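In: Here is a sequence with its predicted model. Questions after.
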Amino acid sequence: MSKRPSKMDTRLAHAGREPKRFHGFVNPPIYRGSTVLFPSVECLEANDQEFTYGRLGTPTVRALEEAIAELEGGHATLLTPSGLSAIAATLFALLSAGDHALVSDSVYRPTRRFCDHVLKRLGVETTYYDPLVGAGIKDLIRGNTKVVFAESPGSQSFEVQDVPAIASAAHAAGALVVLDNTWATPLYFKSFAHGADVSIQAATKYIVGHADAMLGAITAAKAAWPAIARTHEDFGLCVGPEDAYLGLRGLRSLGVRLERHQASGLELASWLQRRPEVARVLHPALPSDPGHALWKRDFTGSSGLFAIVLKPVSHQAVAAMLDGLELFGMGYSWGGFESLILPFDPSAYRTATTWPEQGPALRLHVGLEDVDDLKADLEAGFARLAVTA
Ligand SMILES: *Cc1c(COP(=O)(O)O)cnc(C)c1O
């Protein structure tokens, strides 16, 4: 058998593991530490050992970084304390005063805030683009455009982006493509095979998978790596040993968890499509979704996060529906074992596109519960909605 098996489920079980190094124990220990001793002046001066200081990595952290790098298919990975810090460090690393960034209008809102506040203060201009722009991105690229930032499908609104078309236009102009790949995870979308130069995971979501830690991961191709590694070190970004361990632990079951999130998510999405209260379901794996063809071309699966738009009803009716839910919790984040639901309104912050929907929008994360129980919870919610509407 070859040393690096190609099947994802096998890689998930073995990536980043070296039991021989740890007396045969299957998992690496949780290394706590700042100081790492050097055996000699010669070694110290040459900085010639694998680990040199706690902030710069431990065997626990390195194990998760190596596993994610292998799964994403990039040159190497660095962990950060959150998904947002992975995005912030990447943009900071790749952009300087006088540069221009193109950012999808559908990005995670805190990414947008980083561009509008921090990048602006640094003298970097951001232009938001229609996530459906595809090859048309070339008309927006300027002489000083250094980064095109994509997120596919988009946060909340789930537009699928033509990443290969965007990447070829960006590369022709010498710009790098950064992709927030949190929704699909490295299992369902191959960032580097589709032209991205940097792939970001909010590992807080599906990789940790149990809503019990915050973690980010930056995986880069060789060209983007030196700038990212420099910034990561300059900002002193490092993660706690337990959090890295929880990331490793979550990663091992990512494949089976995602299969269930996918199946239950699709079943609920189709069921919701048939509900009279629902105007639209935004889920790219549904054949009726406008992004379905691109999703089918580029992705190998779908996760448990999608959105619905209700037919116009009062705010009070939506509150009655959501307040009484017993299984769907209301709260930020997603990717854990539990189902979540959140109202949202993209019209409040979009600038390059207009949100066309009239009714209230809800984002659902379908967890690992029994899907019939989840339907029953939503069905009771729709009954409350009807009474209050
Ligand atoms: C949650 C999220 C992030 C940020 O991750 P944190 O760990 O919460 O900082 C980034 N991108 C997307 C798409 C997310 O959903």
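Out: It's in. These numbers come from a predicted model, not from an experiment. Numbers count the residues shown, from 1 in each chain.
In: pLDDT wise, what is M1 at?
Out: pLDDT for M1: 43.
In: just A389 next, same as before
Out: 72.
In: With adjacent residues omitted, what lies nearest to it?
Out: Of all residues beyond its chain neighbours, the one nearest A389 is A317 (4.2 Å), with distances taken as CB to CB, 6 or more residues apart in numbering. (C-beta placed from N, C-alpha, C; glycine too.)
In: which one is L294 nearest to, not counting chain neighbours?
Out: Among residues not flanking L294 along the chain, V160 sits closest, at 4.4 Å (CB to CB, 6+ apart).
In: picking up where we left off before, near the residue nearest to A389, how many other residues are there?
Out: A317: 19 surrounding residues under other CB atoms under 10 Å.
In: list the contacts for the residue in the chain positioned nearest to the ligand?
Out: Of all residues in the chain, G83 sits closest to the ligand, at 2.3 Å by CB to the nearest ligand atom. By CB atoms under 8 Å, 6 or more residues apart in numbering, the residues touching G83 are Y108, T182, I200, Q201, A202, A203, T204, K205, M214, L215, G216.
In: and if we set it to 7 Å?
Out: The contact partners of G83, taken as CB atoms under 7 Å, 6 or more residues apart in numbering, are T182, I200, Q201, A202, A203, T204, G216.
In: separation between the first one and T52?
Out: Read it as T182. Distance of T182 to T52, computed by CB to CB, to the nearest Å: 31 Å.
In: The two: which has the busier surroundings?
Out: Comparing T182 with T52 by other CB under 10 Å, the one with more neighbours is T182, at 27 against 15.
In: for that one, helix, strand, or coil?
Out: Following DSSP: H, G, I helix; E, B strand; the rest coil, T182 is assigned to coil.
In: Give the burial count for the closest residue to G329 other than its chain neighbours, as a bare number.
Out: Of all residues not flanking G329 in the chain, L340 sits nearest, at 5.3 Å (CB to CB, 6+ apart). Per other CB under 10 Å, the neighbour tally for L340 reads 23.
In: I'd assumed V366 was in contact with L340.
Out: No: look at L340 against V366 with CB atoms under 7 Å: they stay out of range, at 8.8 Å.
In: which bits of the protein sit near the ligand?
Out: Applying CB under 6 Å from any ligand atom, one finds that the chain approaches the ligand through 82-84, 108, 151, 155, 180, 182, 202, 204-205, 214, 216, 333.
In: Mind checking which of these are buried?
Out: Buried members of these, counted by 16 or more other CB atoms under 10 Å: 82-84, 108, 151, 155, 180, 182, 202, 204-205, 214, 216.
In: Just list the residues touching I218, thanks.
Out: T77, L78, T80, A86, A89, T90, V198, I200, I228.
In: tell me which element it is part of?
Out: Counting by DSSP states H and E, the element that carries I218 is strand 216-220.
In: Show me what whatever helix or strand comes next after that strand is packed against.
Out: Using DSSP H and E, the helix or strand that follows strand 216-220 in sequence is helix 225-234. Counting contacts by 3 or more CB pairs under 7 Å, 6 or more residues apart in numbering; DSSP states H and E, helix 225-234 is packed against strand 76-80, helix 83-94.
In: And helix 225-234, what's buried?
Out: Those buried within helix 225-234 under the rule 16+ other CB under 10 Å are W225, A227, I228, T231, H232.
In: likewise stretch 367-374?
Out: Of all the residues in stretch 367-374, those buried under the rule 16+ other CB under 10 Å are G367, L368, E369, V371, L374.
In: any idea how far M8 is from the first one?
Out: The span separating G367 from M8 equals 22 Å under the rule CB to CB.
In: mind showing which ranges of this protein have poor pLDDT?
Out: Residue ranges of the chain with pLDDT under 70: 1-5.
In: Using PDB, write down the CA coordinates of the longest helix anywhere in it.
Out: When the chain is parsed with DSSP state H, its longest helix is helix 254-273. The C-alpha coordinates for helix 254-273 follow below in PDB (Å, rounded to 0.1, in the frame of the first residue of the first chain):
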ATOM      1  CA  LEU A 254     -15.600  14.700   9.700                       C
ATOM      2  CA  GLY A 255     -16.500  12.300   6.900                       C
ATOM      3  CA  VAL A 256     -19.200  10.400   8.600                       C
ATOM      4  CA  ARG A 257     -20.600  13.500  10.200                       C
ATOM      5  CA  LEU A 258     -20.800  15.400   6.900                       C
ATOM      6  CA  GLU A 259     -22.600  12.500   5.200                       C
ATOM      7  CA  ARG A 260     -25.300  12.800   7.800                       C
ATOM      8  CA  HIS A 261     -25.400  16.600   7.700                       C
ATOM      9  CA  GLN A 262     -25.700  16.400   3.900                       C
ATOM     10  CA  ALA A 263     -28.400  13.800   3.800                       C
ATOM     11  CA  SER A 264     -30.600  15.400   6.500                       C
ATOM     12  CA  GLY A 265     -29.900  18.900   5.100                       C
ATOM     13  CA  LEU A 266     -31.100  17.800   1.700                       C
ATOM     14  CA  GLU A 267     -34.100  16.000   3.000                       C
ATOM     15  CA  LEU A 268     -35.200  19.000   5.100                       C
ATOM     16  CA  ALA A 269     -34.500  21.400   2.200                       C
ATOM     17  CA  SER A 270     -36.700  19.400  -0.100                       C
ATOM     18  CA  TRP A 271     -39.400  19.200   2.500                       C
ATOM     19  CA  LEU A 272     -39.300  22.900   3.100                       C
ATOM     20  CA  GLN A 273     -39.500  23.500  -0.600                       C
END
